[in-house]
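> heads up, no residue letters with this:
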């Protein structure tokens with residue numbers, strides 16, 4: 001696309017963003033009122049900073065099946081999926097039954113239960129883990145895995161991927177979607193804190209390397225390999241849209257790290273049970289030393305887990321601390337076990353695969369028909385449109401995507417009954433309760449957007 005055509009596209013996108021945002025504000029006045037009320041008790045009016053909207057978020061009231069309703073009564077096909085948690089859809093009968101059973105027999109004991117054991121066994125089976133421990137969120141999963149990796153190796157430093165998000169604990173809050181002026185060079189990415197309140201001394205203990213690049217890691221390990229406990233990586237990078245691993249990259253990471261006595265930790269919080277029954281471990285055939293899970297594995301409840309090699313996990317038995325009053329509680333264990341054994345069955349993955357292909361192909365056809373620079377990634381239940389012609393391999397590629405077009409697409413889609421994640425770094429999530437009609441509604445809305453952008 002020529003510079004003139006690009007300027008014309010961006011100008012049209014800005015026009016659409018302006019008019020569609022005005023329309024969205026007009027149809028979500030109840031959300032505005034609730035936001036103004038929430039400001040008195042919640043910083044930024046929300047429970048998590050990821051929920052912030054411009055100028056306010058859409059507040060939801062209800063979810064059933066593949067649809068959600070906001071506080072103004074507007075109905076949407078839900079492709080947000082609670083940032084990837086709701087692979088089972090909303091109020092699935094099997095999940096409702098499991099939660100009801102737990103609610104009527106005891107939601108919490110802070111003591112082990114049979115459900116906890118059964119849930120652990122299923123996680124080990126699915127993800128080929130020797131042992132697991134439970135947590136309550138993805139942040140807790142990655143925080144615990146990093147500690148266990150340090151304890152197992154006797155080393156303090158860790159490595160993470162440039163631009164990746166692994167939760168909001170201090171050790172991994174470096175180089176998370178950094179601004180271009182804070183990234184450092186390609187050969188030596190900077191370790192820049194994302195948040196206020198991160199201790200300065202940690203900056204020298206969290207090292208940053210690019211995704212899909214073994215050269216920078218190899219050089220770091222040659223210089224400081226005896227200080228590195230682990231590398232934590234999303235096997236599919238999922239806070240930049242979607243960047244899949246190059247062939248051989250994940251195995252290359254494992255081989256390099258083991259050569260220097262360090263461990264490979266997969267952050268499967270977004271990929272686990274979503275891109276295959278056994279997550280990225282199954283899809284790409286590489287077994288990490290430790291893996292972290294949350295979101296889809298808990299059936300829509302606040303749960304998660306981490307696990308891996310027996311000799312590494314047994315560090316817990318030798319003094320590596322891992323506690324949590326609510327870990328493996330009966331309610332989450334019941335919901336997670338029902339999700340993994342009764343809902344996310346082989347037939348469910350066939351269904352998700354068919355829907356994902358239909359959605360991705362429809363969006364790809366619309367981009368091509370109307371000449372909109374972009375590409376589509378299909379990973380079954382997960383997928384995305386990124387407004388960059390070539391596929392993404394790393395965070396710096398993501399910075400080349402056209403944010404202006406996304407800023408038009410978000411209000412356009414929401415105004416046409418498609419509830420989607422509010423950032424261009426996110427993905428869609430389909431559920432087992434989505435239908436072809438739901439997918440076609442998305443594709444029709446997206447195709448009409450492409451046609452408007454091309455005018």
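Sure, I can see it. As the structure is a computational prediction, the values presented were derived from the model and not from experiment.

> Can you list the low-confidence ranges for the stretch 101-250 of the chain?
178-190 (pLDDT under 70).

> switch the cut-off to 80
Residues of the stretch 101-250 of the chain meeting the criterion pLDDT under 80: 177-194.

> so where do the helices sit in it?
Assigned by DSSP state H, counting those that start in this stretch, the stretch 101-250 of the chain shows helices spanning 114-127, 138-153, 214-224, 249-259.

> Turn these into a markdown table, columns for mean neighbour count and distance to residue 18.
Backbone N, C-alpha and C define where each C-beta goes, glycine included. Putting the helices of the stretch 101-250 of the chain into a markdown table (neighbours: other CB atoms under 10 Å; distance: least, CB to CB, whole Å) gives the following:
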| stretch | mean neighbour count | distance to residue 18 |
| --- | --- | --- |
| helix 114-127 | 19 | 46 |
| helix 138-153 | 24 | 35 |
| helix 214-224 | 16 | 41 |
| helix 249-259 | 18 | 41 |
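
> How about the residue nearest to the spatial centre of the chain, nearest residue that isn't a chain neighbour?
Centroid check for the chain by CA atoms, centre = their mean gives residue 270 as the closest residue, at 3.9 Å. Of all residues not flanking residue 270 in the chain, residue 238 sits nearest, at 4.5 Å (CB to CB, 6 or more residues apart in numbering).

> ok, that neighbour - contacts?
Listed by CB atoms under 8 Å, 6 or more residues apart in numbering, the contact set of residue 238 reads 270, 271, 382, 427.

> got JSON lines for the residues you listed, with secondary structure, distance to residue 316 and pLDDT too?
JSON lines is the format used below for these (DSSP: H, G, I helix; E, B strand; the rest coil; distance: CB to CB, whole Å; pLDDT from 0 to 100):
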{"residue": "270", "secondary structure": "coil", "distance to residue 316": "25", "pLDDT": "97"}
{"residue": "271", "secondary structure": "coil", "distance to residue 316": "24", "pLDDT": "98"}
{"residue": "382", "secondary structure": "strand", "distance to residue 316": "31", "pLDDT": "97"}
{"residue": "427", "secondary structure": "coil", "distance to residue 316": "33", "pLDDT": "93"}
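
> what's the most distant pair in those?
The distance between the two most remote of these (CB to CB) is 10.4 Å, for 271 and 427.

> May I have the phi/psi pair for the residue nearest to the centre of the chain?
As for residue 270, its main-chain torsions (degrees, to the nearest 10) stand at phi -90, psi -30.

> Okay, domains of this protein per the record?
Residue ranges for the domains of the chain, per automatic domain parsing: 3-78+345-453, 93-343.

> Please identify the deepest-packed of those.
Ranked by mean neighbour count, the domains of the chain are led by domain 93-343 with a mean of 20 (mean count of other CB atoms under 10 Å).

> from the chain's centre, how far out does it sit?
12 Å (CA atoms, centre = their mean, to the nearest Å).

> related to what we said a few turns ago, may I see the domains of the chain arranged in CSV, with distance to residue 85 as well?
Formatted as CSV, these follow (distance: least, CB to CB, whole Å):
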stretch, distance to residue 85
domain 3-78+345-453, 8
domain 93-343, 4
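
> Quick check: neighbours shared by residue 271 and residue 427?
By CB under 8 Å, 6+ apart, the residues touching both residue 271 and residue 427 are 238, 382.

> what's in contact with stretch 343-360?
Residues outside stretch 343-360 that contact it (CB under 8 Å, 6+ apart): 87-88, 92, 94-95, 273, 276-277, 296, 299, 376-383, 428, 430, 432, 434-436, 438-440, 442-443.

> Same question for stretch 118-137.
With CB under 8 Å, 6+ apart as the contact definition, stretch 118-137 has outside contacts at 116, 141, 144, 167, 268, 272-273, 277-279, 281-282, 287, 291, 293-294, 297, 302-310, 313-314, 316, 322, 324, 326-328, 332-333, 336-337, 340-341.

> dump the residue contacts of the nearest residue to residue 230 once chain neighbours are set aside.
Nearest residue to residue 230 in three dimensions, chain neighbours excluded: residue 149, at 3.7 Å (CB to CB, 6+ apart). Counting by CB under 8 Å, 6+ apart, residue 149 makes contact with 158, 229, 230, 263, 265, 289, 290, 312.

> What is the nearest of those to residue 197?
residue 158 (18.9 Å).

> That closest one: what's it in contact with?
Contacts for residue 158 (CB under 8 Å, 6+ apart) come out as 146, 149-150, 171-172, 205-207, 228-232.

> how about a cut-off of 10 Å?
By CB atoms under 10 Å, 6 or more residues apart in numbering, the contact list for residue 158 reads 146, 149-150, 166, 171-172, 174, 202, 205-207, 227-232, 262-263, 265.

> Format the contacts of residue 149 as CSV; extra columns: distance to residue 251.
Listed next are the contacts of residue 149 as CSV, based on distance: CB to CB, whole Å:
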residue, distance to residue 251
158, 20
229, 20
230, 16
263, 15
265, 15
289, 13
290, 16
312, 19
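
> among those, which are in strands?
158, 229, 230, 263, 265, 290 (DSSP state E).

> State the distance from the second one to residue 132.
Between residue 229 and residue 132 the computed distance is 20 Å (CB to CB, to the nearest Å).

> One more: residue 446?
Taken as CB to CB, the span from residue 446 to residue 132 is 39 Å.

> now do residue 317
Counting by CB to CB, the gap from residue 317 to residue 132 is 14 Å.
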